[in-house]
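# Give me a 3D structure for the following:
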Amino acid sequence: MSKTITCIVCPRGCRLVLSDDSGELRVTGQQCPRGEGYGRQEALNPLRVLTTTVKTDLTDIPRVPVRLAPEVPLNAMDEFMRLAAGILLTSSCLPGDVIAADLGGTGIDVIATGAFNHG
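Numbers count the residues shown, from 1 in each chain. Sure thing, here's the model as predicted:
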């Protein structure tokens, strides 16, 4: 098995080749030490930053943009979207504010990326 991906860890954008040689994952093509770690992460448990919106209790500002931190496993995106969909923001917040800590007991925080004035 062999797969080629583009590394996004640094601006070089190396073409990484992920191959399974005799049951052992091998990463080649990286031009910096971080490329191997990125390639292994992508092959074994890819993570992504999840951005979405949450509901508010105001009709003129019905949704506020948020992100989840840290990154979440790619195969769990649907579950995190479902959990975030259950949030109702009822107080003011600024970008960077944690509006829901430890979402669903996962250790993931929901952080505002837009302001919401409940005024």
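# Next, the contact list for Thr113, please.
For Thr113, the contact set (CB atoms under 8 Å, 6 or more residues apart in numbering) comprises Thr51, Pro65, Val66, Arg67, Pro95. Using the backbone N, CA and C atoms, a C-beta is placed for each residue, glycine as well.
# Inside strands: which ones of those?
Thr51, Pro65, Val66, Arg67 (DSSP state E).
# okay, the first one: pLDDT?
In this model, Thr51 is scored at 98, pLDDT.
# need the contact list for it.
Contacts for Thr51 (CB under 8 Å, 6+ apart) come out as Pro65, Val66, Arg67, Leu68, Thr113.
# Quickly note the distance from the nearest residue to the third one once chain neighbours are set aside to Gly104.
Put plainly, it is Arg67. Closest residue in space to Arg67, ignoring its immediate chain neighbours: Thr51 at 4.7 Å, by CB to CB, 6 or more residues apart in numbering. Between Thr51 and Gly104 the computed distance is 18 Å (CB to CB, to the nearest Å).
# what residues are up against the residue sitting furthest away from the middle of the chain?
In terms of distance from the mean C-alpha position of the chain, Ser22 ranks first, at 31.6 Å (CA atoms, centre = their mean). Under the criterion of CB under 8 Å, 6+ apart, Ser22 has no neighbours.
# The top helix by length along the chain: how far from the chain's middle?
In the chain, with assignment by DSSP state H, the single longest helix is helix 33-44. Put simply, helix 33-44 sits 16 Å off its chain's centre (CA atoms, centre = their mean, to the nearest Å).
# same for it, what does it pack against?
strand 2-6, strand 15-21, strand 24-28 (3 or more CB pairs under 8 Å, 6 or more residues apart in numbering; DSSP states H and E).
# and with 7 Å instead?
Helix 33-44 sits against strand 15-21, strand 24-28, with contacts defined as 3 or more CB pairs under 7 Å, 6 or more residues apart in numbering; DSSP states H and E.
# any chance of those strands in a markdown table, with distance to Thr59 too?
A markdown table is the format used below for the helices and strands packed on helix 33-44 (distance: least, CB to CB, whole Å):
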| stretch | distance to Thr59 |
| --- | --- |
| strand 15-21 | 48 |
| strand 24-28 | 51 |
